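A.B. asks: sequence and predicted structure are below.
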Amino acid sequence: FNSLFLKALKDLDFLLGCIGKRSFLLKKYIILNESKLIKLFNSKKMKFKNKDIKNNTLIEIPSITNFFMLFADLNNNLINRNLIKSLKIYYKNEKYLFPSINSKHKSFEEERYWRGPVWINCNWIIYQGLKNKDKNLAKIIRKKTINLVEKKKFREYYSCKSGLGMGANNFSWSAALYLDFKLNRS
């Protein structure tokens, strides 16, 4: 969620610029948030650690949300490159992209909410983060996501093993993001 919040701050700063406005407080907040998030990056494992604020502990679960930092457009090419390398390892040998928890991890559960299924919104966030960093990988994600939805219809989430659609039928965010994937070829 921090990566989405950081991206929203950067987008707000961009929009202010479009109308000839600037907020130095917003810029300062962006820099502060980005620097704090970068401190959570583990360069040896090429991933971000999650911090449990309540217990003041670091949590390391191989979740797809780790790669949302690509969407935040961090001003750090080394971290971006390492995240992309790690992402390629994360989904290696997966037929359907991306399981919400790495399918080889002990906490993986194929059909349980956010413990294994593929979510179209997660694919879209990662795709958006990769469009200007690794166009080839972005194209693969786009193509595989479109194929999954066209074969299995608009579902809430999908099995990463079989592609079986699960959860709600005719799920609107899957439909909306499918349209964005279809219309956005860059």
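C.D. replies: Yes, it's here.
A.B. asks: would you list every one of the strands in the chain?
C.D. replies: 41-42, 47-48, 50-52, 57-59, 155-158, 165-169 (DSSP state E).
A.B. asks: surely residue 118 is in contact with residue 156?
C.D. replies: No: contact between residue 118 and residue 156 fails when scored by C-beta atoms under 8 Å: they sit 10.6 Å apart. (C-beta placed from N, C-alpha, C; glycine too.)
A.B. asks: in space, what's closest to residue 80 - neighbours in sequence excluded?
C.D. replies: Nearest non-adjacent residue to residue 80, counting by C-beta to C-beta, 6 or more residues apart in numbering: residue 133, 5.6 Å away.
A.B. asks: and the pLDDT at that neighbour?
C.D. replies: Per-residue pLDDT puts residue 133 at 96.
A.B. asks: coming back round to it: with distance to residue 112 and mean neighbour count added, can I get the strands of the chain in TSV?
C.D. replies: Formatted as TSV, these follow (distance: least, C-beta to C-beta, whole Å; neighbours: other C-beta atoms under 10 Å):
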stretch	distance to residue 112	mean neighbour count
strand 41-42	26	16
strand 47-48	22	24
strand 50-52	19	13
strand 57-59	18	11
strand 155-158	10	23
strand 165-169	10	15
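A.B. asks: mean pLDDT lowest for which of those strands?
C.D. replies: Mean pLDDT per stretch puts strand 50-52 lowest among the strands of the chain, at a mean of 80.
A.B. asks: adjacent strands (with direction) for it?
C.D. replies: According to DSSP bridges, strand 50-52 forms sheet pairs with strand 57-59 (antiparallel).
A.B. asks: what does the partner strand contact?
C.D. replies: With contacts defined as C-beta atoms under 8 Å, 6 or more residues apart in numbering, strand 57-59 is touched by 40, 49-52.
A.B. asks: likewise for stretch 177-186?
C.D. replies: Residues from elsewhere that reach stretch 177-186, judged by C-beta under 8 Å, 6+ apart: 120-121, 123-124, 127, 131, 142, 145-146, 149, 154.
A.B. asks: hmm, which helix or strand of this protein has the shakiest average pLDDT?
C.D. replies: strand 50-52 (a mean of 80; mean pLDDT, DSSP states H and E).
A.B. asks: any idea how far that one is from the chain center?
C.D. replies: 17 Å (C-alpha atoms, centre = their mean, to the nearest Å).
A.B. asks: what's that strand in contact with?
C.D. replies: Identification of contacts with strand 50-52 by C-beta under 8 Å, 6+ apart yields 40, 57-61, 63.
A.B. asks: switch to 7 Å and redo it
C.D. replies: 40, 58-59 (C-beta atoms under 7 Å, 6 or more residues apart in numbering).
A.B. asks: can I get these in JSON lines with distance to residue 16?
C.D. replies: Formatted as JSON lines, these follow (distance: C-beta to C-beta, whole Å):
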{"residue": "40", "distance to residue 16": "27"}
{"residue": "58", "distance to residue 16": "34"}
{"residue": "59", "distance to residue 16": "35"}
